[in-house]
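>>> need coordinates for the below:
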Amino acid sequence: MIVFPLVTAHTGCMGMPDNSAASAREGLSLGADIIEDDIRVTRDGIPVLSHDDRVGLADGRERSVSGLTLQELNEGLAAPIVLLETVLKLLDNYPGARMNLDLKTDDSIGPVAALVQKLGIVDRVFLTGCEYDRALQANSHDNGIAKLLNVDINSFRN
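The predicted structure is shown next:
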């Protein structure tokens, strides 16, 4: 049974950098019920925390998260990008806490579902960033992960 209200720590919690392990740790340590981060995948299918596909590299160039492998991305960044797996494992120390995975692309669905299944935490996460078509794709993985739909209210008006 879920007791309301629930407190959500949005990425960048308490002034921490967005999509960082520090932000997730801060939210959890403050007692948030839910932590939220933005999820993308690298070219080799590794789920990482990133709102935007374009990231600035240490040499000043801009590149695409989805266009680089994890190794290529980390070689170009000043600091390694945060793996979703790293943040999901933080939940082990916070019974009852959940994570809102804000999917930024359709290609993140399969790798995220596989990772959540591997870690055995299907009941501790839910997917957002799901317009109707993305939610249907997520359901096709039949993984039992909860989804919150982004729905245009006009779809229900006569």
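
>>> elements contacting the longest strand along the chain?
In the chain, with assignment by DSSP state E, the single longest strand is strand 34-41. With contacts defined as 3 or more CB pairs under 8 Å, 6 or more residues apart in numbering; DSSP states H and E, strand 34-41 has these neighbours: strand 8-9, helix 21-29, strand 47-49, helix 84-90, strand 98-103, helix 109-119, strand 125-130. C-beta here means a position set from N, CA and C on the backbone, and glycine is covered the same way.

>>> for the third one, name the packing helices and strands.
This means strand 47-49. strand 34-41, helix 84-90, helix 109-119.

>>> how far away is residue 98 from residue 11?
15 Å (CB to CB, to the nearest Å).

>>> with residue 47 instead?
Noted for residue 47: a distance of 15 Å to residue 11, by CB to CB.

>>> flag the shaky bits of this structure, pLDDT-wise.
Applying pLDDT under 70 to the chain picks out residues 1-2, 142, 151-153, 155-158.

>>> now do the contacts for residue 101.
37, 39, 84, 112, 125, 126, 127, 128, 129 (CB atoms under 8 Å, 6 or more residues apart in numbering).

>>> do the same with residue 98
Applying CB under 8 Å, 6+ apart, one finds that residue 98 lies in contact with 33, 34, 35, 91, 124, 125, 126.
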